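>>> just coords:
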């Protein structure tokens, strides 16, 4: 999670705390709350990333959301993230929202490609600019 927070600090403008950590205040909740689901991504039994799924969405009350998604740089651009995302989508049938921040153009390219492939182009993109979210939200129903 710290590696993810480090990568994302480029967009979030986050700083380290007094202990040299970014911290993620909701992490423990993923093992304690019913509608939060943590997943590790492994390659050859080695940790390669993670996905956090929840129901905290911006456009629909009953959709699933990719809250956080991270692949170690070593494993990027080889299809691992795409495969992991599609497996996660398959695990939770129904409505989905996948958000990206305005500044993270690489994430926007990745998620547009993955969701387009997964849905055969049957998705919508809404760009929000309000107090809750600023950036694209991809929506689809699987």
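Thanks, I have it. Here the structure is a predicted model, which means the values were calculated and not measured.
>>> Helix or strand next in line after the lengthiest helix in the chain, which one?
Using DSSP state H, we find that the single longest helix of the chain is helix 105-119. Sequence-wise, the next helix or strand downstream of helix 105-119 (DSSP states H and E) is strand 124-129.
>>> ok so, going back, could you check the longest helix of the chain and say which residues are buried?
Neighbour-count burial for helix 105-119 flags 107-108, 110-112, 114-115, 118-119 (criterion: 16 or more other CB atoms under 10 Å). Backbone N, C-alpha and C define where each C-beta goes, glycine included.
>>> Off-centre distance for that helix?
In terms of CA atoms, centre = their mean, to the nearest Å, the centre of helix 105-119 is found 11 Å from the chain centre.
>>> Let me see the contact set for the residue lying closest to residue 31 once chain neighbours are set aside.
Spatial nearest neighbour of residue 31, excluding adjacent residues (CB to CB, 6 or more residues apart in numbering): residue 38 at 6.6 Å. Contacts here follow CB atoms under 8 Å, 6 or more residues apart in numbering; on that basis residue 38 touches 30-31, 50-53.
>>> quick one: contacts of the helix or strand encompassing residue 68?
Per DSSP H and E, residue 68 falls inside strand 64-71. Here strand 64-71 makes contact (CB under 8 Å, 6+ apart) with 1, 3-4, 7, 24, 26, 36, 41, 48-57, 80-81, 84-85, 88, 92, 94-99.
>>> Quick one: buried ones out of those residues?
By 16+ other CB under 10 Å, the contacts of strand 64-71 give 4, 36, 41, 48-55, 57, 80-81, 84-85, 88, 95-99 as buried.
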